[in-house]
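Undergrad: whatever this is, show me its structure:
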Amino acid sequence: MRILIVEDEHKIANALKRGLEQESYAVDVEYDGEDGLHAALNEDYDLLILDRMLPGMEGMEICRQVRQNNLHCPIIMLTAKDQIKDRVAGLNSGADDYLIKPFAFEELLARIKALLRRPQDSLGTVLKSDSLTLDTVSYEVKRNNKIINLSSKEYALLYYLLRNQDRVLSKDTIIAHVWDFDADVLPNTVEVYMGYLRNKIDKPFSGPDLIHTVRGFGYKFGVVKNV
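TA: Numbering: from 1, shown residues only. Now for the predicted structure:
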């Protein structure tokens, strides 16, 4: 999943980026409000983290313009302002959550996971397809109750595929949500990582294959009869 952080304090922004990347998220950072708005409107993000006080354009205005452009990704507002009226103003601008500085990274991470679960609340904290399970809290992946060891990027790719089961996903769509803007992604990168996943979650098991190539379109994940 791909996250945009807009935060003018470089130390905070870079620490958040490192922490979230260790949790297998793809993360882009902007340090100016106008640059942040441009990125939010022109790239495909799964979640935005906006500081309220920014040079160029404040976070609430970014939030308003994002919503005015019919973008519905979750937004978390960060601020040092802790008055109720400030929190209300942030939520009324279109933010989904509001976190007061200073905050613990663990709390931010928990709120991110909660917001990203919203489109598929019925799945809870465990994503599942056939006998394959991915626990978003423990990061444990199993098939037929056997633990599968994945790299950080393999986990991120599987997480995105599980959240989008039974949809045909193009390579460009997968890249936009699994790799960050600065990543060195080659034309066959998605094919390579799909091969890695197949070798770990499909080939060693007797159950139905879960990763399917849809020629000319991309990939489809899940138990399907016809592809």
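Undergrad: could you list the domains of this structure?
TA: 2-119, 125-221 (automatic domain parsing).
Undergrad: mean pLDDT and mean neighbour count for those - can I get that in TSV?
TA: No exception for glycine: its C-beta is placed from N, CA and C like everyone else's. Formatted as TSV, the entries for the domains of the chain read as follows, by pLDDT from 0 to 100; neighbours: other C-beta atoms under 10 Å:
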stretch	mean pLDDT	mean neighbour count
domain 2-119	90	17
domain 125-221	92	16
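Undergrad: how about Asn199, phi and psi?
TA: Backbone torsions of Asn199, given as degrees, to the nearest 10, read phi -70, psi -20.
Undergrad: ditto for the one 4 residues further on
TA: Summarising the backbone geometry of Lys203 under the convention degrees, to the nearest 10, its torsions are phi -60, psi -40.
Undergrad: same question for Leu150.
TA: Per-residue torsions, Leu150: phi -120, psi 150 (degrees, to the nearest 10).
Undergrad: just to check, Asp97 is in contact with Met77?
TA: Yes - here Asp97 reaches Met77: they are 7.2 Å apart, a contact under C-beta atoms under 8 Å.
Undergrad: who touches both of those two?
TA: Common neighbours of Asp97 and Met77 (criterion: C-beta atoms under 8 Å, 6 or more residues apart in numbering): none identified.
Undergrad: ranges for the helices of the protein?
TA: In chain order, the chain shows helices spanning 10-22, 33-42, 59-68, 84-92, 105-117, 152-163, 171-178, 189-197, with DSSP state H as the criterion.
Undergrad: export those helices as CSV, with columns for distance to Thr133.
TA: Conversion of the helices of the chain to CSV gives the following (distance: least, C-beta to C-beta, whole Å):
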stretch, distance to Thr133
helix 10-22, 22
helix 33-42, 33
helix 59-68, 34
helix 84-92, 34
helix 105-117, 15
helix 152-163, 9
helix 171-178, 20
helix 189-197, 15
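Undergrad: appreciated, that's everything.
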